[in-house]
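Chemist: Provided below for reference: sequence and predicted model.
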Amino acid sequence: MTEREPFRVRIKVRHYELDTLGHVNHAVYHSYGEVARLELLERAGGLDGGLQDQRLASVMLESTISFRRELRAGDEIDVTCVVKFGSGKTFRMDSDIYRADGTLAAEITCTLGLMDLDRRKLVVDPRGRFEQAGVNTRLLCGEE
């Protein structure tokens, strides 16, 4: 069995994303991860329709980043996103940020939950609830 290539999106580093040292500001890395997460959720059908109808939304609970190499203005980067569901109320959406030459620039680890917007509580079995809402969890998890 071969490993599937993770979902990825290409982003160009903009001048306004730099700090006084001339490389990407630390907070911008988190934004890059958010772009990949939202692009993947959108592709899987998780940003409209069923989740809204069921009054559910994903919510970030924790995000950590390990910086490996600097990024500078004009760099083109690839941001991956890999979703992992477990048995509890939370799931992971992790991203790696690569320079176009394949050099790993950062690793982002995120823990999320699926929130019931009326009760303001996390739901159990987020994967199952995504599926009930019509979200393609096989695509989210890189299984197709």
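Modeler: Received it, and whenever you're ready, just let me know what you need.

Chemist: Spit out the contact partners of the residue nearest the centre of the chain.
Modeler: Compute the mean C-alpha point of the chain, and by Cα atoms, centre = their mean the closest residue is residue 37, 2.7 Å away. If you count contacts by Cβ atoms under 8 Å, 6 or more residues apart in numbering, residue 37 has them with 81, 93, 95, 110. For the C-beta atoms, the positions are set from N, CA and C on the backbone; glycine is no exception.

Chemist: What number of residues are in the vicinity of the second one?
Modeler: For residue 93, the count of nearby residues is 23 (other Cβ atoms under 10 Å).

Chemist: what's the answer for the first one, then?
Modeler: One way to gauge burial is a neighbour count; for residue 81, by other Cβ under 10 Å, it gives 25.

Chemist: now swap in the third one and tell me
Modeler: Using other Cβ under 10 Å, residue 95 has 28 other residues around it.

Chemist: Averaged pLDDT, the strand or helix carrying it. What do you get?
Modeler: Applying DSSP states H and E as the criterion places residue 95 in strand 90-99. The predicted model assigns strand 90-99 a mean pLDDT of 97.

Chemist: Let the chain start at 263 from now.
Modeler: From this message on, residue numbering opens at 263, which makes the last subject strand 352-361.

Chemist: Alright, I will stop here.
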